[in-house]
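> 3D, please:
(2 chains)
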Amino acid sequence: MSVATPLPHDAAALHVTGQARYVDDIPVPATTLHLAFGLSEIAHGRITRIDLSQVRAAPGVVAVLTASDLPGENDVSPSVHDEPLLAENTVFYHGQPIFLVVAQSHLAARKAARLGRITYEEQPALLSIDDALAADSRFEEGPRLFRKGDAAGAIAEAAHVIEGVIEIGGQEHFYLEGQAALALPQEGGDMVVHSSTQHPTEIQHKVADALGRPMNAVRVEVRRMGGGFGGKESQGNALAVACAVAAHVTGRPCKMRYDRDDDMTITGKRHDFRITYRAGFDDEGRITGIDFVQYARCGWSQDLSLPVADRAMLHADNAYYLPHVRIESHRLKTHSQSATAFRGFGGPQGMVGIERVMDHIAHHLKVDPLDVRKANFYAAMAGASGGSIGAEKKPEAVPQTTPYHMPVEDFVLHEITGALVESADYRARRAAVARWNDANPVLKRGIALTPVKFGISFTLTHLNQAGALVHVYSDGSIHMNHGGTEMGQGLFQKVAQVAAASFAVDVAAVKITATDTGKVPNTSATAASSGSDLNGMAVKAACDTIRERIALHLAETHQTEPARVFFEEGRVFVGDDVMSFAEAARSAYEARVSLSATGFYKTPKLAWDRIAGRGRPFFYFAYGAAVTEVVIDTLTGENRILRTDILHDAGTSLNPAIDIGQVEGGFVQGAGWLTTEELVWSDKGKLMTHAPSTYKIPACSDRPAVFNVALWDRGRNREDTIYRSKAVGEPPLMLGISALMALSDAVAACGPGYPALDAPATPERVLAAVRRVRAA
Amino acid sequence: MADKIHLKMTVNGQPVETLAEPRELLIHVLRERLDITGPHIGCETTHCGACTVDLDGKSVKSCTVFAAQADGAEITTVEGIGSPDKLHVLQEMFREHHGLQCGFCTPGMITRAWRLLQENPTPSEEEIRFGMAGNLCRCTGYQNIVKAIMAAATEMNAAKEAAE
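This is a model prediction of the structure:
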């Protein structure tokens, strides 16, 4: 069968020869115009005068648009209509688009965009979490609160209490392909848009509103993105709307691609967080009560910040049972880029909070942090993985619940952790690290094992739906379309494998086609790790419909039951007769049987009240664990990952090669977030790290020297997902937390104090932490 | 037209002639004037390597080379290394060992690795790590890219031995 097979990426042969087309590679008519934004150069202020005379006079400029020139709605927000495409009277961050240049070439547009003369009346800018708190500048009326039991009471009675705070930096997506869009005006005012987006339906919706037309006048096509990571869930709206509006105004095709500096300056990033904690625990480190306060710096517009901050709360427990817990979340409005979706969507920040607590408890009790983590794990459940449970813990009859009162029924981390401790030789290596640190005064090593439990489903329940459109042609070839987008994660290949399995044909018989709002409508973003789960099921439903029609037809012509028509290895068996799939398709066509079907899927079992913080927001959890060993130079703070071992649960993987790629890439991206990737703003709110010269993502030379990655061979989703697989897009990113905790362990070897290492743990922060623990 | 310069180059074995502005960058000439879109524009500041091409036997970031500097040069882009119907062994290994996800960095990776394996036909893993450090990938974590290059080196050396 084509599922559970490590097939290469569907477009690999095109990628390795440079033939795979991205938006900027699509051949365009010679009349195509190119766009660039003129940007705000202050963080907050009223615009008193806009002088664009030099812009209009610049060579190659065809048109210049400001907010008042727009034909329809001036909004590109994915949520609450608070994000104008072009600033109106006030600017809210340094880098906000104010005017749009339409020119003969990309370079002409960019050069002209620098010639705008904007006069401002500057107003005070709220840049930091402290600024926003002092001004009570926030989204929603006040903080959100999740509560279970009596946290304050439990902490008061605890044998031990710790408290602390961790600052967690944001992260630039740095998709290799920057944001891009191309709009092609059609007859009657219709618009076709090619966009590098994870959310074609959103682009369609925003373009339609901007043109004052119904959604049926706009068709959006996405063949692929050069990386997304959440950064193309809402951040492509501005470019697509700008192109469509300019195309509407000029009647010519319009293309826009952000130069990298503009991309980093304009678009939102991962939310930076501050998390404070106060935890009570027993002598074994078992948490009895805990109180978290999470502060998210959301930037100037709401974008997706509410569900991001919700998901941070939803992962404040990570893998640990918290009997008495209180989680308070502040969504702060600041004069900075509007922080947005980024792989993990708040989950990583919430998880870093509790992993810090585990590390801090272990330091307090002078025990191995792994033992504290294991002592706090959720109880093992019989049947959690569809198999037997590990020997380490006896299964509980009643599942324990999360801070949002959801029973944890599929907890498999006892087994995964047990297996990883063995395969990574954790205990012996911890002893070796201790010996190394006793013998070496300058270079100190550290090691940490951290687990991941990540909730799978959109927390906005209605988004958990997907559609598909499948055609079988009379020659037996198959045309597959669904609402998911391809950003490199291998979704198209995994879903094609599902389609091929339904008809029992070779995957090469399935034509993968670009995501197209004209084929499958009302789609959700390809996000929340849900791509394969949702679209795989929708495609399977469509394929099964067609297969059943063919089976019914052949049963009739052969005087047998449809249940006795078998599809196997590209052939169809009916009674004593056997024919190729193509012959079966041809026969059905000639009998006037429809060979086209839609498929639809909605995730079952979900019921979630985000205000009460109660219910079942997730269909299931994905799990994994990582052991990372690092070394630091105590004289400079310089550090390096020496070795990482990962065991990850992808359920019954649809494509183990693609899934391992997600795990490896996710870990490196997560480790980058927490170590080298530092965003720095000036005290005027200007992003100073707006290019790869100053913003450091991991390079080939930074990856762990030893990197052992495996999928858990006993993984099987206990819930009825597509072929019992599990989502794998986001969860592995959080395996990178092991790198931060290993650095904390190395710093802790330098002196008696607790490192309290903030993220990203740059050499500067590591060095400061080394000094701190020595001074304690 | 007086301010334009007349360029003659050999690109992927074919002689080409084109006009370009004196300050025009090689990547723009390749993509916009010659319709060679394999080399991609990633960062435009020499850091990401998506625009890597081979210029007179050296890997260069074509986003920071003036087209004028390439006058008379021999240039190879990813398109010149192989085609979907006839993959170079290095391309085949990237496909087989899953050395790509979104694929945007891949043309630069292949072009750089192609030159690296000529500079050093038997690189160690360590030498690949540093030899490829100028090409960024945000998806794969590099593991499979290194594997693909190692596998290609092995295959190419075996083929060379068989031929001798």
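
> can you count the residues close to residue 10?
Went with chain A since none was named. 23 (other Cβ atoms under 10 Å in any protein chain shown). For glycine as for every other residue, the C-beta is placed from the backbone atoms N, C-alpha and C.

> Wait, chain B was what I had in mind.
For residue B:10, the number of neighbouring residues by other Cβ under 10 Å comes to 16.

> What backbone torsions are found at it?
phi -110, psi 120 (degrees, to the nearest 10).

> if I read this right, it contacts residue B:74, doesn't it?
Yes: using Cβ atoms under 8 Å, residue B:10 is in contact with residue B:74, at 4.6 Å.

> quick one, strands of chain B?
B:5-11, B:14-20, B:52-55, B:58-61, B:74-76 (DSSP state E).

> give me the low-pLDDT residue ranges for chain B?
Along chain B, segments meeting pLDDT under 70 span B:1-2.

> Skipping adjacent residues, who's closest to the residue of chain A found nearest chain B in space?
Closest contact between chain A and chain B, by Cβ to the nearest Cβ, is at residue A:18 (2.1 Å). Leaving out its chain neighbours, the residue that sits closest to residue A:18 by Cβ to Cβ, 6 or more residues apart in numbering or on different chains is residue B:38, at 2.1 Å.

> What count of nearby residues applies to that neighbour?
By the measure other Cβ under 10 Å, the count of residues near residue B:38 is 26.

> Residue B:76 is in contact with that one, correct?
No: the pair residue B:38 / residue B:76 is not scored as a contact, 10.5 Å apart, by Cβ under 8 Å.

> quick one, what contacts the residue in chain B that chain A sits nearest to?
Residue nearest to chain A within chain B (Cβ to the nearest Cβ): residue B:38, separated by 2.1 Å. Residues counted as contacts of residue B:38 (Cβ atoms under 8 Å, 6 or more residues apart in numbering or on different chains) are A:17-19, B:77-79, B:107.

> Which positions in the stretch 401-550 of chain A make contact with chain B?
Residues of the stretch 401-550 of chain A lying near chain B by Cβ under 8 Å from any Cβ of the partner chain: A:487-490.

> Could you single out the nearest of those residues to residue A:218?
residue A:487 (21.6 Å; Cβ to Cβ).

> right, and the closest one touches residue A:527 too?
No: counting by Cβ under 8 Å, residue A:487 does not reach residue A:527; the two are 10.0 Å apart.

> Between the two, which is the more surrounded one?
Taking other Cβ under 10 Å, residue A:487 and residue A:527 do not tie; residue A:487 has more neighbours (29 against 24).

> Tell me which residue lies nearest the centroid of chain B.
Chain B has residue B:111 as the residue nearest its centroid, 2.3 Å off, counting by Cα atoms, centre = their mean.

> List the buried residues in stretch A:64-81.
By 16 or more other Cβ atoms under 10 Å in any protein chain shown, the buried positions in stretch A:64-81 come out as A:64-67, A:70, A:72-78.

> repeat for stretch A:419-431
Residues of stretch A:419-431 classed as buried by neighbour count (16+ other Cβ under 10 Å): A:419-421, A:424, A:426, A:429-430.

> what's the most distant pair in those?
Among the buried residues of stretch A:419-431, A:419 and A:430 lie farthest apart (Cβ to Cβ), at 17.0 Å.

> By residue count, tell me the biggest helix in chain A.
In chain A, assigned by DSSP state H, the helix with the most residues is helix A:531-557.

> gap between residue B:55 and residue B:11?
Relative to residue B:11, residue B:55 is positioned 10 Å away (Cβ to Cβ, to the nearest Å).

> What about residue A:511, how many residues nearby?
With other Cβ under 10 Å as criterion, residue A:511 counts 15.

> three-state assignment of residue A:668?
Three-state call for residue A:668 (DSSP: H, G, I helix; E, B strand; the rest coil): helix.

> Quick check: it touching residue A:700?
No: counting by Cβ under 8 Å, residue A:668 sits too far from residue A:700 to count as a contact (10.1 Å).

> Now list whatever residues contact both of the two.
Common contacts of residue A:668 and residue A:700 (Cβ under 8 Å, 6+ apart): residue B:142.

> Near residue A:321, how many other residues are there?
For residue A:321, the count of nearby residues is 20 (other Cβ under 10 Å).

> now residue A:642
Other residues within reach of residue A:642, judged by other Cβ under 10 Å, total 18.

> Quick check, pLDDT for it.
Note for residue A:642: predicted pLDDT of 98.

> same check, this time on residue A:382
78.

> Show me how chain B divides into domains.
For chain B, the structural domains run B:5-80, B:89-163, going by automatic domain parsing.

> how about the closest residue to residue B:40 other than its chain neighbours, phi and psi?
The shortest distance from residue B:40 to any non-neighbouring residue, by Cβ to Cβ, 6+ apart, is to residue B:50 (4.1 Å). The phi/psi pair for residue B:50 (degrees, to the nearest 10) reads phi -60, psi -20.

> Give the burial count for residue B:50, as a bare number.
Neighbour count of residue B:50, defined by other Cβ under 10 Å: 27.

> OK, contacts around it?
Counting by Cβ under 8 Å, 6+ apart, residue B:50 touches A:176, B:39-43, B:104-105, B:107-108, B:135-136.

> any chance of those in TSV, plus distance to residue A:92 and neighbour count?
Listed next are the contacts of residue B:50 as TSV, based on distance: Cβ to Cβ, whole Å; neighbours: other Cβ atoms under 10 Å in any protein chain shown:
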residue	distance to residue A:92	neighbour count
A:176	29	30
B:39	37	25
B:40	32	29
B:41	29	26
B:42	29	29
B:43	27	24
B:104	31	31
B:105	34	30
B:107	38	30
B:108	37	31
B:135	37	28
B:136	31	23
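
> and of these, the nearest to residue A:553?
Using Cβ to Cβ, residue B:104 comes nearest to residue A:553 of the contacts of residue B:50, at 44.7 Å.

> Distance of that closest one relative to residue B:134?
16 Å.

> Stretch A:747-761 spans what distance, first to last residue?
11 Å (Cα to Cα, to the nearest Å).

> Quick check: phi and psi at residue A:697.
The phi and psi values for residue A:697, taken as degrees, to the nearest 10, are phi -90, psi 160.
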